[in-house]
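for reference, the sequence and a predicted model appear below.
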Amino acid sequence: MLRLLHVRDFVIVDEAEISFSPGFTVFSGETGAGKSILIDALSLALGARGDTGLLRTGADRAEINAVFQAPDSLHAWLEERDFDPQDDLVLRRIIDNQGRSKAYVNGVPANLGMLRELGAHLVNIHGQHAHQGLLNTANQRDMLDQQGGLSELARDTLHAWQSWRRALEALQSAQRNADTMQQERERLQWLLSELETLAPQPGEWEQISNEQSRLAHGQALLEGCGRALALLDDESGSAIQALNSATQQIEPLLRHDSQLQSTLDALESARISATEAVSDLNSYLGRLELDPDALARADRRVSELFEAARKHHVEPEELPALQERLSAELAASNAAIDLEALQANVTVAENAYHSVADRLSKARRKTAQRLGREVTAAMQELAMQGGSFEVTLEVCPAGPHGKEAVEFRVAGHAGTPLRPLAKVASGGELARLSLALSVIASQAAQVPTLIFDEVDTGIGGAVAESVGRLLHQLGDRHQVLCVTHLPQVAACGRHHFEVSKSSAESGTLSDIRLLDEQGRINEIARMLGGMTITDTTRKHASEMLAG
């Protein structure tokens, strides 16, 4: 649940810190005092978009900190993203006067997507204009799916529909372009057959080029290596003989000057290197021979590879990769032109869609019956006695959202026929139905904190008292926060905050304070009687609180 909200330099709030408790909490105050600003601040901490218009006039930046008791279900999510899974979950949001935004989770930088993911597990906010969305049948369908826990099944239906459409489009494309695709297939087969006959191998071009160069210059290699061998190890005047003689001259001198040791070591190293070179040259000359046939084969292979590379506009060493790419393109072309296989894919995708869509339809029918009963029951408590509510599922052609059109229908009074919500519900009735749906949906929700922002607009009297009781009962299972202008609703709260505004040199400022018993009496009396509070309104307020 929400434990604390700290707001600084946000709209008309200079600085406010509010501690929250379990149960049903209400916020009241004069129009324009800033009641809904608190909801906006919390929304910002939960990842809503913000701009410089949210900063208090003259402030450099706005800062919101929201502290929640972290649900156990979030610990794994926090650990996966290297956020410390503490008992308290601290969400922090900063917006400066340049429009730059920063977000933190338990002190670690985060992005807005992460805040929104967390917010989905922490808070549900029902806005004051939510009832207008009820007139949209797409919203009605989504609300039905959410109420039945069918959102994931609805997404599976959408994905199955998209897979079916892709498979069908692939088949239709193949049927339209069969001749063109056959020509492309034949072209690829012809190009690939040439390369398969040539059979270039990875690394072959470098290897055959080196071999061709060696064979072409075999005579020069023989003569040059022979001369080098003679200079190193001939009978007289060779390099090895000279190094041996120099070593013999220096060695006896060591007893007179030890500094010559490094010179002697260098001569010995040179003599060993020259001896190894002689051995290597003898071995090389033993293997080297002139082979005109091998040279002809190498020349022919180099020519074949070079001509193929020139034809395909690639480097010779790229021929093996080209062959692999053409093979993959031919396989894809064969698959694309295989109408039987494409038709089989369509059938599989279509069957998969109908399977998941049928499961969605069955679950929707069950949820629709339950939701109809529950909303009808709630209507009896909201001054719509004898009225009824029904979710109709009209069979329609298969589509991305299933096989039925969802529509909410209502009869406001006994004996009147059920008609589409958009055609019969007045503003007040629509607000009450929206509230009933919100409460019913929230009863099944796993989110710990529920916020109702003036959802009681358009109602009053005994209906308002029923709304207050509903929210109070909901507070037994959730933390419920409600911004209200109705004294009947405010009287049902377990905790009551008053939001007021005042003038200062820096402009209009908002102030939030928790009311004690007498403060609640005075505030509810104000809500009952306006600016002039009399003993009668105070007595009435006391009776409402006592009730």
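Good, I have the coordinates. Numbers count the residues shown, from 1 in each chain.

and for residue 541, the neighbour number?
24 (other CB atoms under 10 Å). Quick note: C-beta positions are derived from backbone N, CA and C, even for glycine.

now the host helix or strand of it: mean pLDDT?
Residue 541 belongs to helix 535-546 when assigned by DSSP states H and E. If you average the pLDDT over helix 535-546, you get 88.

try stretch 329-342
75.

circling back to that earlier point, identify all contacting residues around the helix holding residue 541.
Residues from elsewhere that reach helix 535-546, judged by CB atoms under 8 Å, 6 or more residues apart in numbering: 487-488, 491, 517, 520-522, 524-526, 528-529.

list just the nearest of the residues you listed to residue 315.
residue 488 (84.1 Å; CB to CB).

kindly confirm my reading that that closest one is in a helix.
Yes: note on residue 488: a helix contains this position according to DSSP: H, G, I helix; E, B strand; the rest coil.

just give me the neighbour total for residue 200.
Neighbours of residue 200 (other CB under 10 Å): 23.

any stretches of the stretch 151-300 of the chain with poor pLDDT?
Applying pLDDT under 70 to the stretch 151-300 of the chain picks out residues 177-182, 218-219, 223, 235, 288, 290-291.

what segments of the stretch 401-547 of the chain are helices?
421-424, 427-444, 461-474, 487-490, 517-529, 535-546 (DSSP state H, counting those that start in this stretch).

could you tell me the least trusted of those?
Taking the mean pLDDT of these, helix 427-444 comes last: a mean of 70.

for the protein, longest helix please?
helix 339-381 (DSSP state H).

any idea how far residue 378 is from residue 440?
Residue 378 is 7 Å from residue 440, where distance means CB to CB, to the nearest Å.

let me fix that: residue 167
Taking CB to CB, one finds residue 167 at 39 Å from residue 440.

what does residue 170 give?
44 Å.

ditto for residue 40
Taking CB to CB, one finds residue 40 at 26 Å from residue 440.

show me what counts as buried in stretch 379-386.
Within stretch 379-386, the residues scored as buried using 16 or more other CB atoms under 10 Å are 379, 381-384.

centre-most residue in the protein?
residue 113 (7.1 Å; CA atoms, centre = their mean).

contacts only, for the spatially closest residue to that residue that is not a sequence neighbour.
Excluding its sequence neighbours, the residue lying closest to residue 113 (CB to CB, 6 or more residues apart in numbering) is residue 47, at 7.1 Å. Residue 47 is in contact with 103, 112-119, counting by CB under 8 Å, 6+ apart.

can you name every helix or strand that the longest strand seen in the chain contacts?
Counting residues, the longest strand found in the chain (DSSP state E) is strand 388-399. Counting contacts by 3 or more CB pairs under 8 Å, 6 or more residues apart in numbering; DSSP states H and E, strand 388-399 packs against helix 339-381, strand 402-411.

any idea which of these is most buried?
strand 402-411 (a mean of 21; mean count of other CB atoms under 10 Å).

what is the orientation angle of that one with helix 339-381?
Put simply, strand 402-411 runs at 20 degrees to helix 339-381, going by axes from the mean of the first three to the mean of the last three CA atoms, to 10 degrees.

any idea how far residue 3 is from residue 88?
7 Å.

of these two, which one has the most company?
Taking other CB under 10 Å, residue 88 and residue 3 do not tie; residue 3 has more neighbours (16 against 11).

and the more buried one, how close does it get to residue 471?
20 Å.

just residue 263 next, same as before
Following CB to CB, the distance that separates residue 263 from residue 471 is 102 Å.

shaky segments in the stretch 1-150 of the chain?
Looking at the stretch 1-150 of the chain by pLDDT under 70, you get 127-133.

the strands in it, which residues?
2-10, 13-19, 24-29, 61-69, 88-96, 101-105, 108-110, 123-126 (DSSP state E, counting those that start in this stretch).

what helices and strands are in contact with the fourth one?
By that I understand strand 61-69. Checking 3+ CB pairs under 8 Å, 6+ apart, strand 61-69 ends up next to strand 2-10, helix 35-45, strand 88-96.

can we see that at 10 Å?
In this structure, strand 61-69 makes packing contacts with strand 2-10, strand 13-19, helix 35-45, strand 88-96, strand 101-105, helix 112-122, judged by 3 or more CB pairs under 10 Å, 6 or more residues apart in numbering; DSSP states H and E.

need the ones you listed in a markdown table with distance to residue 367, can you?
A markdown table is the format used below for the helices and strands packed on strand 61-69 (distance: least, CB to CB, whole Å):
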| stretch | distance to residue 367 |
| --- | --- |
| strand 2-10 | 29 |
| strand 13-19 | 37 |
| helix 35-45 | 29 |
| strand 88-96 | 32 |
| strand 101-105 | 34 |
| helix 112-122 | 21 |
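
check these for me and report the most buried one.
Ranked by mean neighbours (mean count of other CB under 10 Å), those are led by helix 35-45, with a mean of 23.

and stretch 412-425, C-alpha only, in PDB?
Listed next in PDB are the C-alpha coordinates belonging to stretch 412-425 (Å, rounded to 0.1, in the frame of the first residue of the first chain):
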ATOM      1  CA  GLY A 412     -32.800   2.100 -15.700                       C
ATOM      2  CA  HIS A 413     -36.200   1.100 -14.200                       C
ATOM      3  CA  ALA A 414     -38.400  -1.900 -13.800                       C
ATOM      4  CA  GLY A 415     -40.400  -2.700 -16.800                       C
ATOM      5  CA  THR A 416     -38.200  -0.900 -19.300                       C
ATOM      6  CA  PRO A 417     -36.400  -2.800 -22.000                       C
ATOM      7  CA  LEU A 418     -32.600  -3.300 -22.000                       C
ATOM      8  CA  ARG A 419     -31.000  -0.900 -24.500                       C
ATOM      9  CA  PRO A 420     -27.400   0.000 -25.400                       C
ATOM     10  CA  LEU A 421     -25.800   2.100 -22.600                       C
ATOM     11  CA  ALA A 422     -25.000   5.000 -24.900                       C
ATOM     12  CA  LYS A 423     -28.600   5.400 -25.900                       C
ATOM     13  CA  VAL A 424     -30.400   5.400 -22.500                       C
ATOM     14  CA  ALA A 425     -28.100   6.300 -19.600                       C
END
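
who's in contact with that stretch?
Residues outside stretch 412-425 that contact it (CB atoms under 10 Å, 6 or more residues apart in numbering): 131, 134-137, 140, 372, 379, 384-390, 392, 407-411, 426, 429-434.

let's see 6 Å
Contacts to stretch 412-425, defined as CB atoms under 6 Å, 6 or more residues apart in numbering, come from residues 135, 386-387, 390, 407-411, 429.

now, the most widely separated pair of the residues you listed?
135 and 386 (23.1 Å).

hmm, back to that, can I get the helices and strands packed on strand 388-399 in CSV including distance to residue 243?
Shown next, in CSV, are the helices and strands packed on strand 388-399 (distance: least, CB to CB, whole Å):
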stretch, distance to residue 243
helix 339-381, 77
strand 402-411, 93
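
for residue 175, which of those is the nearest?
helix 339-381 (6.8 Å).

can you put the strands of the stretch 1-150 of the chain in CSV and add distance to residue 355?
Output for those, formatted as CSV (distance: least, CB to CB, whole Å):
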stretch, distance to residue 355
strand 2-10, 42
strand 13-19, 50
strand 24-29, 44
strand 61-69, 40
strand 88-96, 40
strand 101-105, 40
strand 108-110, 39
strand 123-126, 32
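
out of those strands, which comes closest to residue 238?
strand 108-110 (74.5 Å).

distance from the chain centre to the closest one, please.
Here the centre of strand 108-110 is set off from its chain's centre by 16 Å, with CA atoms, centre = their mean, to the nearest Å.
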